[in-house]
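K.L.:
Got a sequence here, can you build the structure:
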Amino acid sequence: MRVHHEQVDGITSHIEHTEPHMNTVPGRVPGPEDEPEPAPSGGAGTGTGAGKLLASGDVTAGASAHAPVSPNEPSGGLRPAAKLDPAPEVDLDFPREWIEFVDPANDEHLIAADLTWLLSSWTCVFGTPACQGIIEGRQDDGCCSHGAFLCDDDDRRKLQKAVKQLTPQDWQLMDEARDSDGKIRKKLYLEEDDLDDEPAIRTRRYEGACIFLNRPGFEGGIGCALHTMALRTGVEPLTVKPEVCWQLPIRRTQDWVDRPDGEEILRTTITEYDRRGWGPGGLDLNWYCSGSPDAHTGSRPVWQSYAPELIELIGQPAYDELARHCRRREGLGLIAVHPATTAAQAKAEAERSGNI
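P.N.:
Sure, this is the predicted structure:
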């Protein structure tokens with residue numbers, strides 16, 4: 001199974017506020033070099049932003065800071081509580097509401113946004129009883145079982161820089177990335193693979209999941225070591241995690257469109273990364289959160305909880321315009337509400353009224 005990203009290569013000159021690392025096609029990076037990484041510090045560190053709530057509020061995939069733990073576990077490590085019986089996922093096809101608007105920073109950039117998804121109450125439930133994992137029998141992996149394909153050299157450099165900031169308190173499997181001299185090497189935390197019949201680089205899989213995934217029993221908590229480090233240092237997780245990790249489950253596609261007057265514009269679509277986004281194997285996933293009512297329990301809609309990610313994907317001016325439309329649509333009332341949000345709200349209401 002592969003995670004596919006449809007993006008347009010080389011659009012930086014047309015969208016000035018877009019970061020270069022978002023404008024590439026995945027799978028075209030060289031193999032991991034065999035040079036050592038500088039040794040990370042040994043202490044956990046506090047950082048000026050340690051413990052501070054990030055702007056995104058609700059956590060993104062891989063976080064476990066607020067995960068409930070089993071009270072029966074010894075204090076030597078954290079383990080997730082027992083899993084829920086999963087609610088049925090909704091069908092993949094259902095009515096959606098969309099809005100199109102021109103990027104205020106670029107009149108040749110049109111944005112189409114899926115309001116049904118952005119106004120949904122989805123939230124990441126990694127590390128909670130609601131997360132069933134995408135692989136049967138590996139519930140604690142969440143969506144981290146396959147490792148992460150790196151999009152390009154910039155994505156790889158970002159990961160390399162982030163690895164230098166990890167400590168043993170952040171990263172359970174740090175020793176698995178060390179050579180015989182104790183140096184952390186890229187060839188021990190990355191591996192070569194292929195994506196769409198092209199050579200690609202992904203994070204190494206160790207004992208069935210990403211090497212950066214902290215497993216149950218780790219003192220630092222389960223979840224992504226990179227995410228843990230971001231929370232410790234007070235930075236947004238998207239600044240240290242591979243693109244495919246922080247974008248999920250938002251799907252961005254970009255296409256050049258010819259208008260009837262002969263002008264060419266870039267059309268960016270922002271929507272839900274559902275099972276189909278994973279490619280042919282997506283329908284075979286054990287469980288997937290975006291269509292599960294168990295994950296539509298967020299306190300804020302996606303357009304708010306994923307504000308940093310959306311800003312990174314479309315730029316601040318476009319996000320501000322998107323937020324304006326979302327606020328107005330909330331006030332008017334959405335016609336095509338996400339069915340998983342509807343199901344979650346119905347369950348919550350039944351619980352409040354004592355019918356469950």
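K.L.:
Count residues in the vicinity of D258, would you?
P.N.:
One way to gauge burial is a neighbour count; for D258, by other C-beta atoms under 10 Å, it gives 9. Any C-beta I mention is one placed from the backbone N, CA and C, and that applies to glycine too.
K.L.:
which non-adjacent residue is nearest it?
P.N.:
For D258, the nearest residue in space outside its immediate sequence neighbours is E264; the separation is 5.6 Å by C-beta to C-beta, 6 or more residues apart in numbering.
K.L.:
One more: A148?
P.N.:
In space, and not counting its chain neighbours, A148 is closest to P242: 4.1 Å by C-beta to C-beta, 6+ apart.
K.L.:
so how many other residues sit close to the one you found?
P.N.:
Taking other C-beta under 10 Å as the criterion, the count of residues near P242 is 24.
K.L.:
Ramachandran angles for the residue nearest to D258?
P.N.:
Backbone torsions for E264, taken as degrees, to the nearest 10, come to phi -110, psi 130.
K.L.:
how close does it get to F212?
P.N.:
Separation of E264 from F212 (C-beta to C-beta, to the nearest Å) stands at 40 Å.
K.L.:
what about these two, which has more around it?
P.N.:
Higher neighbour count among E264 and F212: F212, with 33 against 10, using other C-beta under 10 Å.
K.L.:
roughly how far apart are that one and H227?
P.N.:
9 Å.
K.L.:
Give me the buried positions along stretch 103-123.
P.N.:
Of all the residues in stretch 103-123, those buried under the rule 16 or more other C-beta atoms under 10 Å are 103, 105-106, 109-111, 113-123.
K.L.:
Which members of the residues you listed are positioned in helices?
P.N.:
Members of those lying in helices (criterion: DSSP state H): L115, T116, W117, L118.
K.L.:
any idea which of those residues is closest to E136?
P.N.:
When those are compared for distance to E136, the smallest value, 26.3 Å, is given by W117; criterion: C-beta to C-beta.
K.L.:
Let me see the ranges of the strands in the protein.
P.N.:
Ranges of strands in the chain, per DSSP state E, are 36-37, 98-102, 109-114, 184-185, 190-195, 198-203, 205-206, 209-210, 213-214, 223-224, 250-258, 264-272.
K.L.:
Show me what the second one is packed up against.
P.N.:
So the one you mean is strand 98-102. strand 109-114, helix 316-332 (3 or more C-beta pairs under 8 Å, 6 or more residues apart in numbering; DSSP states H and E).
K.L.:
which residues of the chain score low on pLDDT?
P.N.:
Under the criterion of pLDDT under 70, the regions of the chain flagged as low confidence span 1-81, 356.
K.L.:
The same query, at a cut-off of 50, please.
P.N.:
Counting by pLDDT under 50, the low-confidence segments of the chain come to 1-35, 39-60, 64-76.
K.L.:
Let me know the outermost residue of it.
P.N.:
Taking C-alpha atoms, centre = their mean, the residue of the chain most remote from its mean C-alpha position is D261, at 38.2 Å.
K.L.:
wouldn't the residue nearest to D258 be in contact with V257 here?
P.N.:
Yes: at 7.0 Å, E264 and V257 qualify as touching, with contact defined as C-beta atoms under 8 Å.
K.L.:
Mind listing the residues bridging to F101?
P.N.:
When bridges are called by DSSP bridges, F101 pairs up with I111.
K.L.:
need the contact list for it.
P.N.:
Taking C-beta atoms under 8 Å, 6 or more residues apart in numbering as the contact definition, F101 lies against L110, I111, A113, E321, L322, H325.
K.L.:
residues in contact with the second one?
P.N.:
Contacts here follow C-beta under 8 Å, 6+ apart; on that basis I111 touches E100, F101, V102, D103, R267, T268, T269, I270, I314, A318, E321, L322.
K.L.:
try 6 Å this time
P.N.:
With contacts defined as C-beta atoms under 6 Å, 6 or more residues apart in numbering, I111 is in contact with F101, D103, T268, A318.
K.L.:
cool, the fourth one as well?
P.N.:
Under the criterion of C-beta under 6 Å, 6+ apart, the neighbours of E321 are F101, P104.
K.L.:
And the first one, by the same measure?
P.N.:
Residues in contact with L110, defined by C-beta under 6 Å, 6+ apart, are V102, I265, R267.
K.L.:
was I right about the second one contacting E108?
P.N.:
Meaning I265. Yes: I265 is in contact with E108 according to C-beta atoms under 6 Å; the separation is 4.9 Å.
K.L.:
for the stretch 51-200 of the chain, what spans make up the helices?
P.N.:
Along the stretch 51-200 of the chain, the stretches classed as helices by DSSP state H, counting those that start in this stretch are 115-118, 153-163, 186-189.
K.L.:
which of those is buried the deepest?
P.N.:
Each of the helices of the stretch 51-200 of the chain was scored by mean neighbour count; the highest is helix 115-118, a mean of 24, by mean count of other C-beta atoms under 10 Å.
K.L.:
now it: how far from the chain's centre is it?
P.N.:
For helix 115-118, the gap between its own C-alpha mean and the chain's C-alpha mean amounts to 17 Å (C-alpha atoms, centre = their mean, to the nearest Å).
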